[in-house]
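Student: Prediction below, plus the sequence it came from.
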Amino acid sequence: MLLDRAKGDRSINNFANETGVSAAHISRFLRQMIASPPTPETISKFASKAQNEVTYQDFMVAAGHLARNNESGGNREGGVVKDSPLNFRKQREELEKKFIQVILADLYEKPFKWSVEKPEGRINYPDMILNIDYEGYNRWYLDFYPSYNRHRGPSFKLGFVYGTVAMYELLDTDKITIVVNDEREFNMIMRRPPLSLRANLYVMLIDLEWGKVLKEEILCKF
């Protein structure tokens, strides 16, 4: 989230050109797809071109290389700083498991055959991939955007979401779904569909408390 703030309104490619860090590497950090935090050397590159008053020290603290000046034992939980990158990754992993459970439970009620495809180490792929044979689709990609705090604003930037979809090599027989668990975010996406995106793109709302898919709507066709 700090890196996204530092990037500002620039595209990932523009930010990559300015910092000297590859666009693919930046994208993986933004999607929490890298287990370890960036090195001080990489952080220095990010900080040199950071916007929105994000500093080198901010990055170093977020990455766990430096301690916060006001950090105390009360800000720890099980030996982990509550808002540390490690704790954030654990939260996301737990929510991803719940997303998968809800989607699988819904799939067992569907009238078509399906199977889960393993990503085979392809780091920039969606969170879940299914092989299906339904309504002309052969493959179904699902990207998860979990909401951590419903009292705050959206947990993602819509431009980043659509930009991520644009990076996938999609066919006209592929379906891709943005999965959220916050109705406000679902409505926000419905109000702002992509204007020019070559994809069979949908948005799905799930209820984690009741463990079910509430609705799925189409945003654009290939």
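Tutor: Yes, it's here.
Student: How much space separates Ala62 from Tyr56?
Tutor: Ala62 is 11 Å from Tyr56, where distance means C-beta to C-beta, to the nearest Å. Glycine gets a C-beta too; all of them are placed from N, C-alpha and C.
Student: More neighbours: which of the two?
Tutor: The neighbour count for Ala62 versus Tyr56, taken as other C-beta atoms under 10 Å, is higher for Ala62 (21 against 15).
Student: what number of residues lie near the closest residue to that one other than its chain neighbours?
Tutor: Residue nearest to Ala62 in three dimensions, not counting chain neighbours: Leu2, with 4.9 Å by C-beta to C-beta, 6 or more residues apart in numbering. Leu2 has 17 neighbours, counted by other C-beta under 10 Å.
Student: now swap in the one 5 residues further on and tell me
Tutor: When neighbours are defined as other C-beta under 10 Å, Lys7 has 25 of them.
Student: Grab the nearest non-local neighbour of it.
Tutor: Phe15 (4.7 Å).
Student: residue contacts, Thr19?
Tutor: Contacts for Thr19 (C-beta atoms under 8 Å, 6 or more residues apart in numbering) come out as Ile26, Lys45, Phe46, Ser48, Lys49.
Student: quick one: which of those residues is nearest to Tyr148?
Tutor: Closest approach between the contacts of Thr19 and Tyr148, by C-beta to C-beta: Ile26, at 21.6 Å.
Student: OK, contacts around that closest one?
Tutor: Counting by C-beta under 8 Å, 6+ apart, Ile26 makes contact with Leu3, Lys7, Ile12, Phe15, Ala16, Thr19.
Student: Going toward the C-terminus from the one helix or strand it maps to, what's the next helix or strand?
Tutor: Following DSSP states H and E, the helix or strand that holds Ile26 is helix 23-30. Reading on from helix 23-30 to the C-terminus, the next helix or strand found by DSSP H and E is helix 40-48.
Student: Only alpha carbons, please: show the very next helix or strand once past that following helix as CSV.
Tutor: The C-terminal neighbour of helix 40-48 among helices and strands, as given by DSSP H and E, is helix 56-62. Taking C-alpha atoms only, helix 56-62 is exported to CSV below (Å, rounded to 0.1, in the frame of the first residue of the first chain):
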residue,chain,number,x,y,z
TYR,A,56,13.1,6.3,2.4
GLN,A,57,12.5,5.8,6.2
ASP,A,58,8.8,5.1,5.6
PHE,A,59,9.8,2.3,3.2
MET,A,60,12.5,0.9,5.5
VAL,A,61,10.1,0.8,8.5
ALA,A,62,7.3,-0.9,6.4
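Student: which of the residues in helix 56-62 are buried?
Tutor: Neighbour-count burial for helix 56-62, with 16 or more other C-beta atoms under 10 Å as criterion, is recorded at Asp58, Phe59, Met60, Val61, Ala62.
Student: ok, how many other residues are close to Ile176?
Tutor: Neighbour count for Ile176, taken as other C-beta under 10 Å: 23.
Student: Pairing partners for the closest residue to it other than its chain neighbours in the sheet, please.
Tutor: Spatial nearest neighbour of Ile176, chain neighbours left out: Tyr141 (4.2 Å); criterion: C-beta to C-beta, 6+ apart. As for beta bridges, Tyr141 partners with Ile129, Ile176 under DSSP bridges.
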